[in-house]
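Enquirer: Would you be able to build a 3D model of this:
(one chain, ligands or ions: 2)
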Amino acid sequence: MIGRLNHVAIAVQDLDAACAVYRDTLGATITPPLPQPEHGVTVVFVELPNSKIELMSPLGEGSPIEAFVARNPGGGIHHVCYEVDDILAARDKLKADGARVLGTGEPRIGAHGKPVLFLHPKDFLGTLVELEQV
Ligand SMILES: C[C@@H](C(=O)O)C(=O)SCCNC(=O)CCNC(=O)[C@H](O)C(C)(C)COP(=O)(O)OP(=O)(O)OC[C@H]1O[C@@H](n2cnc3c(N)ncnc32)[C@H](O)[C@@H]1OP(=O)(O)O
Ligand SMILES: [Co+2]
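Expert: Ligands and ions are numbered 1, 2, ... in the order given. Got it, this is the predicted structure:
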């Protein structure tokens, strides 16, 4: 069901400092910061030849990454995002298998303008999983 790895996300408190690490120290190409108010984060993508790293910091009140960043003040890997062809079919299969789909259970538009859903980390080996329909 899952296809390519779309991105690995790293949550940080200070997005500028995180960008400096990837741009200046690691020599990567990064995109400009993109506020995602519906998701409560500001994101920057690090463009790699075979995938992407999503650097993100909390935006606004009640950000879903607030608690994670408080627990990991120096930053930490937050989620992995896999591509799927049909996000509703994937969701329905996962729900039937007992996986917890987060939020309302309805896909929302993510940072790439495509529908995304999140799956509870406790159901996937301690790793928060994002699905993106491509
Ligand atoms: C823009 C878009 C895009 O790419 O297009 C994005 O990525 S937006 C990316 C931001 N959006 C999201 O993450 C949306 C989905 N996420 C959520 O709804 C939330 O972050 C939850 C996954 C429900 C966690 O929320 P929160 O940390 O407030 O809950 P909590 O403190 O009660 O944590 C419950 C348990 O889950 C664990 N836990 C929490 N976040 C975790 C994570 N990222 N990875 C692994 N485990 C995690 C906690 O340690 C805790 O375990 P213990 O009970 O053992 O202590
Ligand atoms: Co993401």
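Enquirer: what about the longest helix anywhere in the chain, distance to the chain center?
Expert: Looking across the chain with DSSP state H, the single longest helix is helix 87-96. Mean-position distance between helix 87-96 and its chain equals 19 Å (CA atoms, centre = their mean, to the nearest Å).
Enquirer: show me the residues around Asn6 that make contact.
Expert: If you count contacts by CB atoms under 8 Å, 6 or more residues apart in numbering, Asn6 has them with 51-52, 81-83, 112, 130, 132, 134. C-beta: built from backbone N, CA, C; applies to glycine.
Enquirer: dump the residue contacts of the residue of the chain found nearest ligand 1.
Expert: Here the residue of the chain nearest ligand 1 is Gly110; by CB to the nearest ligand atom that distance is 2.6 Å. Residues counted as contacts of Gly110 (CB under 8 Å, 6+ apart) are 36, 39, 116, 130, 132.
Enquirer: who's the first one bridged to?
Expert: In this entry, Gln36 is beta-bridged to Val41, by DSSP bridges.
Enquirer: any idea how far Val113 is from Gly126?
Expert: Just so we're on the same page, residue 113 is Gly rather than Val. Using CB to CB, to the nearest Å, Gly113 is found at 29 Å from Gly126.
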